[in-house]
Structures are given as C-alpha cells and as structure tokens.
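sequence and predicted structure below; questions after.
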Amino acid sequence: MSMRRTYIARLAIRSIVGHKLRSFLTIAGIAIGVGFIIFLISLGYGLQRISTQEVANLEALQIVEVTPGKSKIIRIDDNTIEKFKGLANVELAEPQLNLVGNFTVGTASIEGVVYGKNTEYLKMEETDLESGTIYENNAVKQTVVNKTVARQLGYEDSSGLIDETITVKTNIGSEYLNEDSEPIMKEEDFKIVGVLASEDSPYLYVPLNVFKDYGVVNYSSAKVKVTDKEFTDNAKIQLENLGYKTATLKDTVDQINQFFSIFQLILLSFGAIAVIVAALGMFNTLTISLLEKTREISFMKVLGTSSSDIWKLFITEAIFIGVLGSLIGIIFGLAVGGTLNDFIASLAQRTGNKPVEIFYAPFIFVAITFITATIISFMTGIYPSYRASKIDALEALRYE
C-alpha cells in the first residue's frame, strides 16, 4: 500500500508539532546558522558595493591612464595623442602636464602642483567642484584650485577665493620642451573661477594651451577613453604594446572585488560552521525520532505501508525542518541587516553625512543560501530515513 504525498506531509507536520520543544530547538539552530550566513555575507557584499561605487562609475571604467614610464625615448606629444585616437574603439585622448609651482595671492604664498589640463580633460575626469565653474575655454588665463590651496592661502570659506587673481610661478623642465632647450621659469597671473572639493595636497588646474604657448611639446601623461568599458582591457593592451605604462580604474575595482571574494569566503566559513552544527542537531533529532517511532513504524509496515513511504515520511520531516529553519534564518538575517542600515542612515542624516547601506544581500545569494540549506537538510535526513525504512516489523514488535 502506497501513501499519498499529502498524507505523508501531514504525518511529518504532526511529528514536528508533536515534539514542540525539540522541533523548536532544531529549527532555531538552523535559523541561527542560516541567519548568521546571511548577516555576514550581506556585510561583505555591502562593503564591496560601497568600495566599488566610491572608486568607479560606468564612464570611469572606460578610461585608461597612460604614461611614458621611466623611458627616456618614449614621449607623449601631439603626434602620440593622434596615434592614440586612431586606436580601435578609442573615443577620446587628452594629454596633461604636471609641474611643481608656487602660488601667490596678495601677500600669501604656498608651494603646490600645477596641472595643465584642457576643458576636454576636465570633463572626461568629471571634476568635482565645491564652488564656481571650470574655465570657459582653453585660451583663457583662468584656473581652478582645490580647497587646500584656499585654506593655506587664508580662505576658510573657499568661495571667497572666486574671482581673485593668483600668481602662478612654474619651472618647466627641458624634457617637456623641444630638443636642446634649456629649462625655463614662467610666472603668470590667472583668475580663479572655481574651487575643487578635494582636500588633498595643494594643487590647481590651468589650461594646457597656456603651457603650449610657453613652448611645451611633451606631456606628463594622457587619458584615453574607449567607447564602452568592455574595450578597456583591449585598449590597455594596445597602449602597452606601443611601450607605454597604463593603469585603469577597472584594475582597482578588480583588485577590490578579489579582496572581497576572499573576505566573503572567510565570513562564509564562519557561517558554515554554524550550519554544520545545526545539521548535526537535526541529525540527532531525526535519530531520536526514529528510536521513538520504532513501534509505530512496525505497525505501519504490518498494515502494509511500504519501506519507500517510511523513507519519504522521514525525509519529508527533515526537509520541512530545514525549509522552515532556512526561511526564518533568511528573514532574521535580512531584518537585522535592514535595521542596522536604517540606523546608520538616520545617524548619517543627523550628522549631515551621506547615508550608505552597509548590509546588502543580492537575491541570487539569498536564493542559493536557501537552496543549499534545503539540500543539506535533505542529506542530513538520508541516513535516519534509510534506517527507518529498513526496520524489520516482526523483529521490532518482538523487541517491544
């Protein structure tokens, strides 16, 4: 005689409900293990997402930084820029120059870095301004300074520096000039039109064309932008084959992802220990249930219940316990992470900072966790189910 699936399910549920404390402890153990995994891995995913969002956006992943390295032969000049633009899938190529300089406003004077960047370059790197604008075009004598320049020149309110005149003195090395040219010292007045949000070491931007007027023909580096991020690696290889040193934000993102993959694996191992302990608890519960039901199983077999149905009954009980524990654990883990996210967001709002999600659980990860926990429950129940199905009814009744 074969029992229907619905009847087997009802018997399994009755067995779970009939031993409330034992079932509760077993389900709680699985829930804690699964919840621990969800909590830990969502922390890893959250930190990874925050890190990658901070260093990269879609367009930034399309850009390759190019430098001549330490080579005395390879240069970046206008001909080189045109060559870069001719490479496959390259959308833009813009050079930049960086020099050490001296900045003076009124009687205040500081040392810093002078970057020669045309407006196309600034737009490519998405310049983050705190106030003002970038210069109007590449021919004007205008500049954009960072907050550190403003502060060191005595302007705590950096916007107060807008429209001020700053004297920039630079020493241009012979490596940037025509062959056999001697280094030159240049001093020029610029109108400050914008202040960058950056608080790094003091620096400012001026149009690169200003330096071209001084006789500069070689540049420090260049940015090459491809039409789509999938072509970034290919452009990187092409540029390296030409002898140039390259770096991409994609490399940084890949390194961050690699680090967090290892970090998540470590967190997962801690969570896996909790799940294994819970699985052992479930194995113990099913084994005790088997011993308690020996007489009941014997009567069922005498009445014609097949060994296959006995096996299904015990494996169904194991799956029910695993599924229920997994669902509770997932809900618990997500709820704790969500509550902490809300707390951090409210704290950030009160302190005037940008809210971030420290805990983030992708749906695919939650689904894999649930399926894995269910499979582990199934495997844990195999041996007790097999033992139950192999009980000899006559021998068990004689023993009873």
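That came through fine.

how about the contacts made by Ala367?
Applying CB atoms under 8 Å, 6 or more residues apart in numbering, we find Ala367 in contact with no residue. C-betas here are computed from N, CA, C, even on glycine.

secondary structure element for it, which one?
Using DSSP states H and E, Ala367 sits within helix 363-389.

helices of the stretch 301-400 of the chain, start to end?
Assigned by DSSP state H, counting those that start in this stretch, the stretch 301-400 of the chain shows helices spanning 307-351, 363-389, 393-399.

what of the chain?
Applying DSSP state H to the chain gives helices spanning 5-18, 20-55, 78-85, 119-124, 147-152, 208-213, 232-241, 249-292, 294-302, 307-351, 363-389, 393-399.

can I get those in a markdown table with distance to Lys141 and mean pLDDT?
Output for the helices of the chain, formatted as a markdown table (distance: least, CB to CB, whole Å; pLDDT from 0 to 100):
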| stretch | distance to Lys141 | mean pLDDT |
| --- | --- | --- |
| helix 5-18 | 81 | 76 |
| helix 20-55 | 34 | 82 |
| helix 78-85 | 22 | 92 |
| helix 119-124 | 14 | 87 |
| helix 147-152 | 17 | 90 |
| helix 208-213 | 7 | 90 |
| helix 232-241 | 33 | 90 |
| helix 249-292 | 32 | 78 |
| helix 294-302 | 94 | 69 |
| helix 307-351 | 41 | 85 |
| helix 363-389 | 55 | 85 |
| helix 393-399 | 100 | 51 |
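
pipe the ones you listed into CSV and attach distance to Ala222 per row.
Shown next, in CSV, are the helices of the chain (distance: least, CB to CB, whole Å):
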stretch, distance to Ala222
helix 5-18, 68
helix 20-55, 21
helix 78-85, 6
helix 119-124, 9
helix 147-152, 25
helix 208-213, 11
helix 232-241, 9
helix 249-292, 15
helix 294-302, 78
helix 307-351, 38
helix 363-389, 39
helix 393-399, 83
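
with respect to Val64, which of the ones you listed lies nearest?
Val64 lies closest, by CB to CB, to one member of the helices of the chain: helix 232-241, at 5.4 Å.

residues in contact with the closest one?
Contact with helix 232-241 is made by 61-64, 66, 84, 87-90, 224, 226, 246, 248, 250, as judged by CB under 8 Å, 6+ apart.

for stretch 150-161, same thing?
Here stretch 150-161 has contacts from 103, 105, 108, 110, 130-132, 145, 147, 149, 192, 195, 202, using CB under 8 Å, 6+ apart.

swap in 10 Å and give it another go.
With contacts defined as CB atoms under 10 Å, 6 or more residues apart in numbering, stretch 150-161 is touched by 103-112, 130-132, 145-149, 162, 164, 166, 192, 194-197, 199, 201-202.

give me the local confidence score for the closest residue to Leu340 other than its chain neighbours.
Using CB to CB, 6 or more residues apart in numbering and skipping the chain neighbours, the partner closest in space to Leu340 is Phe359 (6.0 Å). pLDDT for Phe359: 88.

who's in contact with Phe359?
So Phe359 contacts 38-47, 333-334, 336-341, 344 (CB under 10 Å, 6+ apart).

likewise for Ile172?
97, 99, 101, 114, 116, 181-186, 211, 214-216.

between the residues you listed, which has the most around it?
Within the contacts of Ile172, most neighbours by other CB atoms under 10 Å means Gly116, with 26 neighbours.

wait, that one touches Leu97, no?
Yes. Counting by CB atoms under 10 Å, Gly116 touches Leu97, with 3.7 Å between them.

shared neighbours of the two, anything?
Joint contacts of Gly116 and Leu97 (CB under 10 Å, 6+ apart) are 170, 172, 176, 206, 208, 210-212, 216, 219-220.

buried sites along stretch 126-138?
Under the neighbour-count criterion of 16 or more other CB atoms under 10 Å, stretch 126-138 has 127, 131-132, 134-135, 138 buried.

Ile297: which of these is nearest?
Set against Ile297, the nearest of the buried residues of stretch 126-138 by CB to CB is Thr127 (75.9 Å).

so who does the nearest residue to Tyr244 once chain neighbours are set aside touch?
Counting by CB to CB, 6+ apart, Val66 is the residue found nearest to Tyr244 once chain neighbours are left out, at 5.0 Å. Counting by CB under 10 Å, 6+ apart, Val66 makes contact with 76, 80-81, 84, 93, 95, 219, 221-224, 235-236, 239-240, 242, 244-247.

for the residue nearest to Leu340, grab phi and psi.
When read as degrees, to the nearest 10, the backbone of Phe359 gives phi -110, psi 130.

next: Glu125.
phi -90, psi 10.

check what pLDDT it gets.
You'll see Glu125 listed with a pLDDT of 80.

is the closest residue to it other than its chain neighbours in a bridge, and if so with what?
In this structure, Glu125 finds its nearest non-sequential neighbour in Lys223, 6.8 Å apart by CB to CB, 6+ apart. Following DSSP bridges, Lys223 is listed with bridge partners Glu65, Glu94.

okay, and the beta partners of Val168?
With DSSP bridges as the rule, Val168 is bridged to Phe103, Glu188.

separation between it and Leu204?
To Leu204, Val168 is 7 Å away according to CB to CB, to the nearest Å.

still on that earlier bit, now a PyMOL select for only the buried ones of the contacts of Phe359.
To isolate the buried members of those in PyMOL, using 16+ other CB under 10 Å:
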select buried, resi 38+39+40+41+42+43+44+45+46+47+333+334+336+337+340+341+344
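
mind listing what the residue nearest to Glu125 touches?
By CB under 10 Å, 6+ apart, the neighbours of Lys223 are 63-66, 84, 92-96, 117, 120-121, 124-125.

how about Asn98?
113-117, 203, 219-221.

and which of the buried residues of stretch 126-138 is nearest Thr316?
Relative to Thr316, the closest of the buried residues of stretch 126-138 is Thr127; by CB to CB it sits at 63.1 Å.
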